[in-house]
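Asker: Pasting the sequence and the predicted model now:
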Amino acid sequence: MDKELTYEFTKDPALLQQYYIIREKCYKEVWGLKVFSGAEDEHDRKGHLLIVRNKNRVIGGGRLVLRTVDSSDRLPLETENLLLEEVLHGFDSEGKILGEIGRIAVLPEFRGGKVGTISLYLLAMAQMHHCNYLTTVAPLEQAKKYRLIAEQLNIDIQILDNVMIADRPYYNQIEMKLLVCDLATVPDTQHMLQ
């Protein structure tokens, strides 16, 4: 089945619209979110969007958002009270690039390992843009699954239990955990994008 799939970063509005519909449906079904909108947002417009296609049918995708430490932009998880550089105590922040992957969604009949593959493509794009730290947020059980997938790939991901992620209406009062990966410790995956 994977041989029939195409993974590509795109700005094509027709393909992205299919992905936005899928992510809304998946986030409502999988996480039980009642008010989640999968529609395009400001982070989509600034980010790198990956879609997965089976021929012309989009079956899933994900998003990577990047910012430099000195930028006034924020990653999707950041708020006035939570800036990533403040969480990553003791690192040299000058000129660093921070990234967040998220909005990963795959149609149920295509799941089986696709989330890990999508994450690797997003990781490769982050490395291509010289990202130093990559983050995501997820409910604890999902965070543990992400860490397990990463361990199988010899990638160290930390779940920062001591960081409070601001509740958003679409989290449906689910407690979210912050995951962080220092990309200096990750083997180069950029070959996936060639």
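Answerer: Cool, got the structure. Numbers count the residues shown, from 1 in each chain.
Asker: Please tell me how far the residue lying closest to Leu83 once chain neighbours are set aside sits from Glu86.
Answerer: Closest residue to Leu83 in three dimensions, ignoring its sequence neighbours and counting by C-beta to C-beta, 6 or more residues apart in numbering: Arg74, at 7.6 Å. Any C-beta I mention is one placed from the backbone N, CA and C, and that applies to glycine too. Separation of Arg74 from Glu86 (C-beta to C-beta, to the nearest Å): 12 Å.
Asker: again, but for Leu122
Answerer: Going from Leu122 to Glu86 by C-beta to C-beta gives 24 Å.
Asker: between those two, who's got more neighbours?
Answerer: Set side by side, Leu122 and Glu86 show unequal neighbour counts under other C-beta atoms under 10 Å, the larger going to Leu122 at 27 against 11.
Asker: How is that one assigned, secondary-structure-wise?
Answerer: Reducing the assignment at Leu122 to three states with DSSP: H, G, I helix; E, B strand; the rest coil gives helix.
Asker: Now that the residue nearest to Leu83 has come up, it's in contact with Leu66, right?
Answerer: No. Because the distance of 11.6 Å does not satisfy C-beta atoms under 8 Å, Arg74 is recorded as not touching Leu66.
Asker: which residues touch Ile59?
Answerer: Taking C-beta atoms under 8 Å, 6 or more residues apart in numbering as the definition of contact, the neighbours of Ile59 are Leu5, Ile22, Val52, Arg53, Val106, Leu107, Phe110, Lys114.
Asker: So in this protein, which helix runs the longest?
Answerer: Secondary structure of the chain read by DSSP state H shows that its longest helix is helix 13-31.
Asker: Who are the packing partners of that one?
Answerer: Contacting helix 13-31 under the criterion 3 or more C-beta pairs under 8 Å, 6 or more residues apart in numbering; DSSP states H and E are the following elements: strand 48-54, strand 57-68, strand 97-106.
Asker: Next, the distance between the ends of stretch 124-141.
Answerer: Counting by C-alpha to C-alpha, to the nearest Å, you get 25 Å between the two ends of stretch 124-141.
Asker: Which residue comes closest to the most centrally placed residue in the chain once chain neighbours are left out?
Answerer: Within the chain, the residue whose C-alpha comes closest to the C-alpha centroid is Ile101; the distance, by C-alpha atoms, centre = their mean, is 1.9 Å. Ranked by C-beta to C-beta, 6+ apart and with sequence neighbours excluded, the top spatial neighbour of Ile101 is Leu122, at 4.4 Å.
Asker: Same question for Leu88.
Answerer: Closest residue in space to Leu88, ignoring its immediate chain neighbours: Tyr133 at 6.1 Å, by C-beta to C-beta, 6+ apart.
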